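*Asks:* have a look; sequence and predicted model below, questions after that.
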Amino acid sequence: MTLWTPDGEYPIKPKPEQPPSDSKPEGEATTSKPSTPAHETELTPEQEEQARVMAQGLSEARQQLLEANVADVVANHAFGLYELAAIHLTADKPDMAAARLGIDALGAVVEGLTGRLGEAEQTLTEALQQIRLMFVQRTTQLKNATDSKDQGQDSSQGQDD
């Protein structure tokens, strides 16, 4: 078994099993089944190897992040927020609340870190302006579509009178 910490994974040796004691205090029931905590399950050799591979992959990813330019990593995440908002805006049934949250998060990063985002800052600023404009256009488009449906229903209801 291992213990994961932000500094890495550390092996933990299981406690040696205590031999059962024949002398129990009076009134205490004896049980034939030893109690094993649920978190101390045995792993198969394949599972242990898989865990080692995953831990090594995590360690390598951490090392890569340590070596990366932080502004580039933040910019990459900001581009992910842009994509998230764009996906919600361009869906067949757009989720405008989700799109707005993505746009607001992108704005918080870009505007909150002005002057600190390195080479990607200009591109991110333009992307933020673009996605905000796209949000307004999509909102207008959806409103017009709703108004057209409402007018179509009003005129068909008027014909029924």
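*Replies:* Perfect, I can see it now. Note that the structure is predicted; figures quoted are calculated from it, not measured.

*Asks:* for residue 43, give me phi and psi.
*Replies:* phi -100, psi 150 (degrees, to the nearest 10).

*Asks:* my read is that it contacts residue 49, right?
*Replies:* No: if you go by C-beta atoms under 8 Å, residue 43 and residue 49 don't touch, sitting 9.3 Å apart. C-beta coordinates here come from the backbone N, C-alpha and C atoms, glycine included.

*Asks:* host element of residue 86?
*Replies:* According to DSSP states H and E, residue 86 maps onto helix 70-90.

*Asks:* ok, residues contacting the helix or strand just after that helix?
*Replies:* Later in the chain than helix 70-90, the nearest helix or strand by DSSP H and E is helix 96-112. Helix 96-112 has contacts (C-beta atoms under 8 Å, 6 or more residues apart in numbering) with 74, 77-78, 81-82, 84-86, 88-89, 117, 121, 124-125, 127-128, 131-132, 135, 138-139, 142.

*Asks:* list the buried residues in stretch 110-120.
*Replies:* Residues 110, 113, 117, 120 are the ones in stretch 110-120 that count as buried (16 or more other C-beta atoms under 10 Å).

*Asks:* repeat for stretch 126-137
*Replies:* Neighbour count says stretch 126-137 has 127, 128, 131, 132, 134, 135 buried, by 16+ other C-beta under 10 Å.

*Asks:* for the last one, what are its contacts?
*Replies:* When contacts are counted by C-beta under 8 Å, 6+ apart, residue 135 touches 85, 89, 96, 99, 100, 103.

*Asks:* can you turn the buried part of those into a ChimeraX selection?
*Replies:* Buried members of the contacts of residue 135, defined by 16+ other C-beta under 10 Å, are picked up in ChimeraX with:
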select :85,89,99,100,103
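
*Asks:* surely residue 41 is in a strand?
*Replies:* No: secondary structure of residue 41 (DSSP: H, G, I helix; E, B strand; the rest coil): coil, not part of a strand.

*Asks:* tabulate the buried residues of stretch 126-137 (JSON lines), appending pLDDT and secondary structure.
*Replies:* Compiled in JSON lines, those are given as follows (pLDDT from 0 to 100; DSSP: H, G, I helix; E, B strand; the rest coil):
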{"residue": "127", "pLDDT": "98", "secondary structure": "helix"}
{"residue": "128", "pLDDT": "98", "secondary structure": "helix"}
{"residue": "131", "pLDDT": "98", "secondary structure": "helix"}
{"residue": "132", "pLDDT": "98", "secondary structure": "helix"}
{"residue": "134", "pLDDT": "97", "secondary structure": "helix"}
{"residue": "135", "pLDDT": "98", "secondary structure": "helix"}
